[in-house]
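Participant: everything below, folded, please.
(chains A and B)
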There are 2 protein chains.
Amino acid sequence: MFDRVYIAEAKQRVGEQVTIAGWVVRTRDLAKIKFIVMRDRTGEIQVTVKNLDLYPKDGLGREDVITVTGVTLQSKIANAGVEFFPDGIEVVNKSKQPLPVDIAETSQSELETRLNWRFLDFRAPQTRAIFTIQNRLLATFRGWLTENGYMEIQNPCIISSASEGGADLFRLPYFEKEAFLAQSPQLYKQMCAISFEKVFTVTPVWRAEKFNTPTHLNEIRQMDIEQAFADDETVMKVLEKILVHMLDDVKEKCSEELKTLGRNLVVPKLPFKRVTYTEAIEMLQKAGEQIVWGDDFTKPQERKMMELVGEQAFFLKDWPAAQKAFYSMPYKEKPEVVHAFDCIYGGIEISSGTQRIHIPELLRERISKKGLHPENFETYIEAFAYGAPPHAGWSIGLERLTMIVTGKDNIRECCMFPRDRERLIP
Amino acid sequence: MFDRVYIAEAKQRVGEQVTIAGWVVRTRDLAKIKFIVMRDRTGEIQVTVKNLDLYPKDGLGREDVITVTGVTLQSKIANAGVEFFPDGIEVVNKSKQPLPVDIAETSQSELETRLNWRFLDFRAPQTRAIFTIQNRLLATFRGWLTENGYMEIQNPCIISSASEGGADLFRLPYFEKEAFLAQSPQLYKQMCAISFEKVFTVTPVWRAEKFNTPTHLNEIRQMDIEQAFADDETVMKVLEKILVHMLDDVKEKCSEELKTLGRNLVVPKLPFKRVTYTEAIEMLQKAGEQIVWGDDFTKPQERKMMELVGEQAFFLKDWPAAQKAFYSMPYKEKPEVVHAFDCIYGGIEISSGTQRIHIPELLRERISKKGLHPENFETYIEAFAYGAPPHAGWSIGLERLTMIVTGKDNIRECCMFPRDRERLIP
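Facilitator: Next comes the predicted model:
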């Protein structure tokens, strides 16, 4: 149907007749000559119209879809060093005018307006840059794990009971039963890991949290691994390696996009420093923070800690049991501390993980200690009764990681179609 | 923690002391000598215990988790050509006995029982083979599209209204509103394609269909592409190419798994034959089938058609408008026929696609013709008002494709954690 070449290719094929297709970015009218800057997914080019008979009678507006047949020639005037001289211009589909959202280089529109018109906002250079980077992060994540023998699993999204104790779940009627949207693939990735050994998933998860903050969404995507014959240290090694690999890859392959975002991405060095929870508390206390052993860190304290540790990325490990999920493996000699870790990157927690309890009796004991009822978790516990090896895993939030890499303050910028307490459209 | 090598590697490192870890498949006791067949994710090995002091005092049961330190030596007796001679055996975690499900080479358990104990069933060779193949299909799908410039998008799963007219949706309360689980990423992939040009998604979708058949699930995963400046023929070419690529890859990299499943995979030749709907009706009528122009094909008719066409895979194109969604682009001179196609592979429809309508007025007209109300689709229609290029796309069901490739009759075999009218667990 469309025997077109991409603009990036047309720029290379100087002197050859080709057809390009795309959107009108802007036009300029100098009486005897007209310029059209047009865009496709590979870039922009200036179309120089000297024969005004070729120019559409009704004019051209921003975002009109056109095809242009002609030749690329070297140019001393145009920024790109080339111009495109048309033999024919065809209007494929007109755009309504004016556009409801500003998609120029620096968008002037409010985030709310941009999200309302997300399909147009996708055409703004900054937005394109964010999602090109997100796509790269994801492709590298999957590629590395697949190459390294991890199997991608398909965990269910509709589940019959709460996996982690259960507040803030979305409920739905499921035929004659009641069901929930999964807030985590936890049980499922564990069930897969105790058979397949090395698994990963990228999956939507939902939390019905009522607060509406710049860093929370009700539907996010988690990137998880789970691994058998592994403890917390084993999977921390995987995490730091894959994170550095993802960031290196973004730095190399998305340099244009980082430039568009004005972002100087610093890739942390391997290995990441391991700081114990107890050391962190002491550091913060020395620095004058009001915090005692057993407390969780506030967001400002996480950032403070980054300064004190003096590293772009580090692990915070050996947490108090009370701060972590019931399935976290306790230290043998010190059961009030568990094999759990957070990874702090750019002053924000981007991942947390644990070695899981693989022994049914210990799991029952720890569930009771949390004030929960083991009988409500029997399906979960039973999964470890038939030869479960020690195993561990972690989870990274895709949108949150994208925020840090792209330097955005609002997670909605980093989700194509964000869902929050107010927003269900588009 | 576990300084173990995989069994496949241990088999290569003949004469070297290593530690292997895994599950007890079976044991054999010959009074003065004991054999343990053990398994990890890379294969099985026979452990030959001559010094019975090393053998665990309480014995070993199937699926017990053990680590064994010792050396691999060439063997004339063992099937694999090597045996493993231990210096030490450690029991990591005992399994309950007996196992509730048979996980031997050819599982004797009913599908229902296997699904109830899915985490154990994952250890059965046939089940492992199915999901290894599924994983390969998916990795190849993503890999090819990423290499060819398609961007993976993240469509929302919770939506505010029905995308395709709307029966059979799961509803859920969403704070103060009512929402639905997406039955398709249709609108979202279109919104992305009209900006990013080439996109794909692998996404869960839900249909609240009440019937419970061997080929239906209420939660499946769709593999979709959507492409701008494309018509139906453009994306049919992508579909046949990627499908053959995926099948070639499975044939090459999963030959062991295909053998386990007793499957001789025949990869169709490119290009696939294009048969128009009208030709198909005539063929079937000549073969004595009761069918008239305008009817949909029954499943037996789809299989019959495969015999008549004489191809493993082919496209069935140019459908009556009444059989396809309202957004299907009509032929200009013959608006009762639309630019829509199904791909039939192995006698089953595995994918369908269309060129979409990108012109708002035409979309309104076609919605009305279907007896639907354009005012209910204004968000959808409005997305094409600001410079939408012609575009087209298709969708493949991951579980259904896995069924055909692995030769299974029940789609539940090809879904890790199937959700049907009755099943929400595990």
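Participant: the closest residue to A:Glu219 other than its chain neighbours: which element?
Facilitator: Among residues not flanking A:Glu219 along the chain, A:Arg419 sits closest, at 4.0 Å (Cβ to Cβ, 6 or more residues apart in numbering or on different chains). Glycine gets a C-beta too; all of them are placed from N, C-alpha and C. For A:Arg419, there is no helix or strand it lies in under DSSP states H and E.
Participant: can you check A:Glu9 too?
Facilitator: helix A:7-12.
Participant: what is the following helix or strand past that helix packed up against?
Facilitator: Once helix A:7-12 ends, the next helix or strand along the chain (criterion: DSSP H and E) is strand A:17-29. On a contact count with 3 or more Cβ pairs under 8 Å, 6 or more residues apart in numbering or on different chains; DSSP states H and E, strand A:17-29 meets helix A:7-12, strand A:34-40, strand A:65-74, strand A:82-93.
Participant: could you export those as TSV, including mean neighbour count and distance to A:Val244?
Facilitator: Formatted as TSV, the helices and strands packed on strand A:17-29 follow (neighbours: other Cβ atoms under 10 Å in any protein chain shown; distance: least, Cβ to Cβ, whole Å):
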stretch	mean neighbour count	distance to A:Val244
helix A:7-12	18	30
strand A:34-40	20	33
strand A:65-74	19	40
strand A:82-93	17	38
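Participant: need those in CSV with mean pLDDT, can you?
Facilitator: Listed next are these as CSV, based on pLDDT from 0 to 100:
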stretch, mean pLDDT
helix A:7-12, 96
strand A:34-40, 97
strand A:65-74, 97
strand A:82-93, 97
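Participant: these: which one's closest to chain B?
Facilitator: Taking Cβ to the nearest Cβ, strand A:65-74 is the member of the helices and strands packed on strand A:17-29 nearest to chain B, at 4.7 Å.
Participant: what's the burial count for A:Cys415?
Facilitator: Using other Cβ atoms under 10 Å in any protein chain shown, A:Cys415 is surrounded by 26 other residues.
Participant: ok, now which ones touch A:Val228?
Facilitator: That one is not Val; residue A:228 is Ala. A:Ala228 makes contact with A:193-194, A:197-198, A:389-391 under the criterion Cβ atoms under 8 Å, 6 or more residues apart in numbering or on different chains.
Participant: what subset of those residues is buried?
Facilitator: Burial by neighbour count, 16 or more other Cβ atoms under 10 Å in any protein chain shown: within the contacts of A:Ala228 this picks out A:193-194, A:197-198, A:389-391.
Participant: pick the one among these closest to B:Phe315.
Facilitator: Relative to B:Phe315, the closest of the buried ones among the contacts of A:Ala228 is A:Lys198; by Cβ to Cβ it sits at 38.3 Å.
Participant: isn't the closest one right next to B:Arg41, touching?
Facilitator: Yes - with contact defined as Cβ atoms under 8 Å, A:Lys198 counts as touching B:Arg41 (6.9 Å).
Participant: now the common contact residues for those two.
Facilitator: Residues touching both A:Lys198 and B:Arg41 (Cβ under 8 Å, 6+ apart) are A:Gly149.
Participant: where are the low-confidence patches of chain A?
Facilitator: A:1, A:162-167 (pLDDT under 70).
Participant: repeat that for 80
Facilitator: A:1-2, A:77-80, A:105-108, A:161-167 (pLDDT under 80).
Participant: do a quick rundown of the helices in it.
Facilitator: Taking DSSP state H, the helices of chain A run over residues A:7-12, A:111-116, A:118-121, A:125-147, A:186-196, A:232-253, A:255-260, A:277-286, A:299-309, A:360-369, A:378-382, A:398-406.
Participant: single out the most deeply packed of those helices.
Facilitator: Across those, the average number of neighbours (mean count of other Cβ atoms under 10 Å in any protein chain shown) peaks for helix A:186-196, which reaches a mean of 26.
Participant: and that one, is it in reach of chain B?
Facilitator: Yes - contact of helix A:186-196 with chain B (Cβ under 8 Å from any Cβ of the partner chain) involves A:187-188, A:191-192, A:194-196.
Participant: what sits against the residue lying closest to A:Asp296 once chain neighbours are set aside?
Facilitator: Sequence neighbours aside, A:Gln323 is the residue nearest to A:Asp296 in space, at 5.6 Å (criterion: Cβ to Cβ, 6+ apart). Contact analysis of A:Gln323 by Cβ under 8 Å, 6+ apart lists A:294, A:296, A:340.
Participant: now A:Gln323: how far from chain B?
Facilitator: Distance, A:Gln323 to chain B, by Cβ to the nearest Cβ, to the nearest Å: 23 Å.
Participant: and for A:Met329, the neighbour number?
Facilitator: Neighbours of A:Met329 using other Cβ under 10 Å come to 25.
Participant: and A:Leu372, by the same measure?
Facilitator: Residues lying near A:Leu372 (other Cβ under 10 Å) number 15.
Participant: quick one on the thing from earlier: what packs against the helix holding A:Glu9?
Facilitator: Partner elements for helix A:7-12 (3+ Cβ pairs under 8 Å, 6+ apart): strand A:17-29, strand A:34-40, strand A:43-49.
Participant: B:Thr203: which of those is closest?
Facilitator: Across these (criterion: Cβ to Cβ), the nearest stretch is strand A:34-40, sitting at 25.7 Å.
Participant: just how off-centre is stretch A:108-127 within its chain?
Facilitator: When distances are taken as Cα atoms, centre = their mean, to the nearest Å, stretch A:108-127 is centred 18 Å away from the chain's centroid.
Participant: tell me the contacts of the residue of chain A most remote from its centre?
Facilitator: Within chain A, A:Lys32 marks the point farthest from the mean C-alpha position, 48.3 Å out by Cα atoms, centre = their mean. For A:Lys32, the contact set (Cβ under 8 Å, 6+ apart) comprises A:50, A:52.
Participant: swap in A:Pro320?
Facilitator: A:277, A:293-294, A:336-338.
Participant: partners of it in the sheet?
Facilitator: A:Val337 (DSSP bridges).
Participant: equivalent analysis for the one 10 residues further on, please.
Facilitator: Taking DSSP bridges as the rule, A:Pro330 bridges to A:Val338.
Participant: surely it meets A:Glu336?
Facilitator: Yes - if you go by Cβ under 8 Å, A:Pro330 and A:Glu336 touch, sitting 7.5 Å apart.
Participant: much appreciated, bye for now.
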